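In: From the sequence below, what's the structure:
(2 chains)
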Protein chains: 2
Amino acid sequence: MQDLALYSAYLEKEIKAIDFPQSPANLYEPLRYFLSLGGKRMRPILTLLGAELFGEPKENALSAALSVEVFHNFTLIHDDIMDEAPLRRNKETVHTKWNQNIAILSGDVLFVKGYQLLVKQRPEHLQPLIELFNKTAIEVCEGQQMDMDFETRKDVSIDEYIEMIRLKTSVLLGCALEMGAVIGNATESDRKHIYNFGQNIGIAFQIQDDILDLFADPDKFGKQVGGDVISNKKTLLNLQAFLLASEEQKQILEKLSVERNSELKIEETKSLYEKIGARASCEKEMENYHAKAMTSLEAITVNDNAKETLIELANFLMNREL
Amino acid sequence: MQDLALYSAYLEKEIKAIDFPQSPANLYEPLRYFLSLGGKRMRPILTLLGAELFGEPKENALSAALSVEVFHNFTLIHDDIMDEAPLRRNKETVHTKWNQNIAILSGDVLFVKGYQLLVKQRPEHLQPLIELFNKTAIEVCEGQQMDMDFETRKDVSIDEYIEMIRLKTSVLLGCALEMGAVIGNATESDRKHIYNFGQNIGIAFQIQDDILDLFADPDKFGKQVGGDVISNKKTLLNLQAFLLASEEQKQILEKLSVERNSELKIEETKSLYEKIGARASCEKEMENYHAKAMTSLEAITVNDNAKETLIELANFLMNREL
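Out: Residues are numbered from 1 along each chain as shown, chains lettered A, B, ... in the order given. Take a look at the predicted model:
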């Protein structure tokens, strides 16, 4: 993973160098703070790798890469308000540290900053880059709205759930990669392949996230295991369990959803999900999307050697070694 | 005003035709609703007039005009949340009719829609159009943040106040006009002149707004006269009054700020502002900006006949006949 660490360090330095005015302090201080919270910087790395795959030096895709990261952070600031989340990466969220109005407005400004960075790319790439960015931004909002709508719905289907995670999180990975491909003057069909690679890896990654939330080794998992179960969150595991359960098992699941002993609730749900076959079914779905992603990657018309870092990245994401 | 009504009707039809998907309904229904609430559509008219001034048919500036109107509506949706405003144009605001999360997210989507419309303009104009749009969007957010900061500050200067209204409301008028000029292939210096015309008319208009809020004829004024005084809002009138008042008058002003009888509070403040000279001083300031605007308009290197509709519009705005 030496390679990826180098990209990450390069981006960290450039993110730090993004220039915000001093005043109004209540608008820009929250942005300096939030962007300094870190993260894996996976999305901008994808843009750099996308450009390099088509022979373009990573430096030529830097502004686009930063615009993707900045956009991602804008969505996090607004999502944190909507989710009433007090913490992000173990630090206070913007609306907690300042207030909600400041979080709305500084989020809005950060969104514009994304466009400001993107428009620095070469003029001949502007139209495809901005069209892709616009389309993706709208889809991410649609995904977030679907996620909020699901909270109060009882009839969410597996297809709807997959569509929600595709929009909310996966299209941005596809977009990040395709931006690099646009900058590298890739053909239309290679652009589509690399987009699909990113999108499908993103879906596989999210499904893995659902599985790990309950089945991860607590010693290696960064956060509390079973958080989704405690909050009765709709996840692929949960939807699959209800789909595959017998009438009797459904009744047990309903009972477990109101169980107040958290430890018991997690343990019982876990063993029931295994028994019902929900875990296995989710793992199969995850493998499916991972395989689709690899097929798209193979279809790209560049030398196989050039794809190695992307394969490494995909494996890294699917094994969660970080 | 026959002319302006025609532009307005043209835009109303085109705004109605802006296409939003059906789903997620909670994301797009609020946007269809909010855009249908109407308004004078002054900003997009400016873009059409800006293009025509430089010999470009208004149809060629339509997408840019719509993007300005859409952006303006996005800022209104988010501002209404921040101001906790229950009504906009006598109808429920988005966060009141739906909820706050939906207002945040549908506002975000509307912002992207603005960029989607703008990117439909001819490729050779994209970079200057988007750069202008970005710069303006950031300034509008800065103005809103300053306005919020002012609420809790006691030491706001006249210059700061003018800077706040310049950013919050006037730069968008300059931007709307300059976009038209970009599309009409105007020279750099004509672009600057038309921008300054719009910006200074905007400042004059806002100052007039402050004056009218207290001194308008209640029969002709659309809303309650004296609203700013009742809520102790910092306005140019209020700041000028404190600047020009004697120590004794300052004490009376302080007393009036906690007066609970609204009618009395308005009447006493009104007569004191006249006596102190705050009204006259604001009117002079307003005239100043209006004159600056006209100087910028004169400097534009096109035939005087072509400027007639813009002069008509400026007079219309400053006389508030609508």
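
In: Show the residue spans covered by the helices in the stretch 201-322 of chain A.
Out: Listed from the start of the chain, the stretch 201-322 of chain A has helices (DSSP state H, counting those that start in this stretch) covering A:227-230, A:236-244, A:247-257, A:262-276, A:278-299, A:308-319.

In: right, so the ones you listed: which one is the most enclosed?
Out: helix A:236-244 (a mean of 21; mean count of other C-beta atoms under 10 Å in any protein chain shown). Glycine gets a C-beta too; all of them are placed from N, C-alpha and C.

In: What is the neighbour count of the residue of the stretch 201-322 of chain A found nearest chain B?
Out: Nearest residue of the stretch 201-322 of chain A to chain B, counting by C-beta to the nearest C-beta: A:Lys234, 15.5 Å away. By the criterion of other C-beta atoms under 10 Å in any protein chain shown, A:Lys234 has 19 neighbours.

In: got a list of what it touches?
Out: The contact partners of A:Lys234, by C-beta atoms under 8 Å, 6 or more residues apart in numbering or on different chains, come to A:Phe150, A:Glu151, A:Val156, A:Tyr161.

In: Show me the two of those that sit farthest apart.
Out: A:Glu151 and A:Tyr161 (12.7 Å; C-beta to C-beta).

In: higher neighbour count, the two?
Out: A:Tyr161 (22 against 10).

In: Kindly confirm my reading that that one is in a helix.
Out: Yes. Assessed by DSSP: H, G, I helix; E, B strand; the rest coil, A:Tyr161 belongs to a helix.

In: Give me the local confidence score for it.
Out: A:Tyr161 is assigned a predicted lDDT (pLDDT) of 97.

In: Enumerate every residue touching it.
Out: A:Phe150, A:Lys234, A:Thr235, A:Leu236, A:Leu239.

In: Against which helices or strands is the helix or strand containing A:Met179 packed?
Out: Following DSSP states H and E, one finds A:Met179 within helix A:171-183. When contacts are defined as 3 or more C-beta pairs under 8 Å, 6 or more residues apart in numbering or on different chains; DSSP states H and E, helix A:171-183 packs onto helix A:42-53, helix A:62-82, helix A:123-151, helix A:188-215.

In: For chain A, give me the ranges with low pLDDT.
Out: Residue ranges of chain A with pLDDT under 70: A:1-2, A:320-322.

In: Please repeat the previous calculation with a cut-off of 80.
Out: Scanning chain A for pLDDT under 80 picks out A:1-3, A:220-223, A:319-322.

In: of all the residues in it, which ones are close to chain B?
Out: A:24, A:26-27, A:78, A:81-82, A:101-102, A:104-105, A:108-109, A:111-113, A:115-116, A:119, A:123, A:126-127, A:130-131, A:133-134, A:137-138, A:141-142, A:144-146, A:148-149 (C-beta under 8 Å from any C-beta of the partner chain).

In: Buried among those? Make that a ChimeraX selection.
Out: Buried residues within the residues of chain A next to chain B, by 16 or more other C-beta atoms under 10 Å in any protein chain shown, are selected in ChimeraX with:
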select /A:24,26,27,78,81,82,101,102,104,105,108,109,111,112,113,115,116,119,126,127,130,133,134,137,138,141,142,144,145,146,148,149
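
In: any chance of the helices of the stretch 201-322 of chain A in TSV, plus distance to A:Asp210?
Out: Shown next, in TSV, are those (distance: least, C-beta to C-beta, whole Å):
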stretch	distance to A:Asp210
helix A:227-230	7
helix A:236-244	5
helix A:247-257	16
helix A:262-276	11
helix A:278-299	7
helix A:308-319	14
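
In: Between these, which one is closest to B:Leu6.
Out: Once the helices of the stretch 201-322 of chain A are compared by C-beta to C-beta, helix A:278-299 is nearest, at 51.8 Å.

In: packing partners for that closest one?
Out: Using 3+ C-beta pairs under 8 Å, 6+ apart: helix A:278-299 touches helix A:188-215, helix A:236-244, helix A:308-319.

In: Check chain A and tell me which residue is nearest its centre.
Out: Closest residue to the average C-alpha location of chain A: A:Thr169 at 4.0 Å, with C-alpha atoms, centre = their mean.

In: Surely that one touches A:Gly202?
Out: Yes. Here A:Thr169 reaches A:Gly202: they are 5.8 Å apart, a contact under C-beta atoms under 8 Å.

In: How about the contacts made by A:Pro24?
Out: Counted by C-beta under 8 Å, 6+ apart, A:Pro24 has contacts B:Glu142, B:Gln145, B:Met146, B:Asp149.

In: now, the most widely separated pair of those residues?
Out: Once C-beta to C-beta is applied, the contacts of A:Pro24 give B:Glu142 and B:Asp149 as the farthest pair, at 10.3 Å.
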